[in-house]
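>>> using only what follows, build the 3D model:
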Amino acid sequence: MQLEGLERFARLAAIPDWHLTTAEILYHMPDHPGLLQTFIWQKHDLAPSFPALGKFLAFWQREIEGPLHSVRVASTALTRPAELRYAGGQFILH
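The predicted structure follows:
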């Protein structure tokens, strides 16, 4: 069963627009509306429209009592490490 998960991940990683997406969701506690709680959501999603995140947030608003305060999204499609390239020549210092 673990191999199936790896195969699924390999298929998702091969599609260029699918990227690991992380959302930090701040919501009001149902019993104490003045307090905020954090929930971290992470999944492979299609950037930049993020349909899976949209479905999850719609589910949250429909089924969960804690009203949303804010959502911060980070995705490998939005932030990437700098790309490094080697120089095309050789430089010798004496």
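>>> name the nearest residue to Lys43, sequence neighbours excluded.
Among residues not flanking Lys43 along the chain, Ala52 sits closest, at 5.5 Å (CB to CB, 6 or more residues apart in numbering). Just so you know, the C-beta spots here come from the backbone N, C-alpha and C atoms, and that holds for glycine as well.
>>> and the helix or strand that contains the one you found, what's its mean pLDDT?
Following DSSP states H and E, the helix or strand that holds Ala52 is helix 51-63. The average pLDDT within helix 51-63 is 94.
>>> how about the contacts made by Leu53?
Shown in contact with Leu53 (CB atoms under 8 Å, 6 or more residues apart in numbering): Thr21, Ala23, Trp41, Lys43, Asp45, Val73.
>>> can you list which of those are found in helices?
With helices taken from DSSP state H, there is no overlap with these.
>>> how many neighbours does the closest residue to Pro30 other than its chain neighbours have?
Excluding the flanking residues, the one nearest Pro30 by CB to CB, 6+ apart is Glu65, at 4.0 Å. When neighbours are defined as other CB atoms under 10 Å, Glu65 has 10 of them.
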